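# Sequence below, structure please.
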Amino acid sequence: MLHKKTDKAKEPDTVACALRQRTRMMKKRLILLSALAGTVCLAAIGCSNKNIDTAKVREAFQSLSGEPKQQLEQALTAIEASNYVAAIKPLRGLGYSIKMDVKQRKILEDTMNKVNAKAAAQK
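Residues are numbered from 1 along each chain as shown. Model prediction:
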């Protein structure tokens, strides 16, 4: 009879041990996931370059002429004067009015994102 009690006592220990193992695994996964999320946030926020290279934009769009060229120059002049709010409308208009290759689209989107961020900080 005493033997049966010890067998019953072992069952809860086995269940408790399994629960502890699962808890440890979940903690390890949570720590790993937190570290991964932190790394992604640091890469996105801390390491991004917030400076706007107007020369790079001019170089990418040097083939423009007419109204789109005026819009680009208006936006870049506003950026150089740190008037980011005034640069938003011409850049947006430029994005809708001309056909661009992949490189030009990437440069324009990057510039617009930086201008929007700086304009939000200006307000």
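# Would you mind listing where this structure has pLDDT under the threshold?
In the predicted model, the chain carries pLDDT under 70 at residues 1-12, 38-50, 123.
# Domains in the chain, by residue range?
1-48, 54-122 (automatic domain parsing).
# I'd like these as TSV, with mean neighbour count appended.
Every residue, glycine included, has its C-beta placed from N, CA and C. Shown next, in TSV, are the domains of the chain (neighbours: other C-beta atoms under 10 Å):
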stretch	mean neighbour count
domain 1-48	9
domain 54-122	15
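# Correct me if wrong: K103 contacts A60.
Yes - counting by C-beta atoms under 8 Å, A60 is a contact partner of K103 at 6.5 Å.
# how far away is S65 from R92?
Distance of S65 to R92, given as C-beta to C-beta, to the nearest Å: 20 Å.
# How about D53?
In terms of C-beta to C-beta, D53 sits 19 Å off from R92.
# cool, and Q104?
15 Å.
# ok, and what's touching stretch 63-75?
With contact meaning C-beta atoms under 8 Å, 6 or more residues apart in numbering, stretch 63-75 is reached by V57, R58, F61, A87, P90, L91, G93, L94, S97, I98, V115.
# Among those, which one sits closest to A16?
The closest of the contacts of stretch 63-75 to A16 turns out to be V115 (C-beta to C-beta; 58.6 Å).
# distance between the helix or strand harbouring that closest one and the chain's centre?
When elements are assigned from DSSP states H and E, V115 belongs to helix 102-122. In this view, helix 102-122 has its centroid 13 Å away from the chain centroid, taken as C-alpha atoms, centre = their mean, to the nearest Å.
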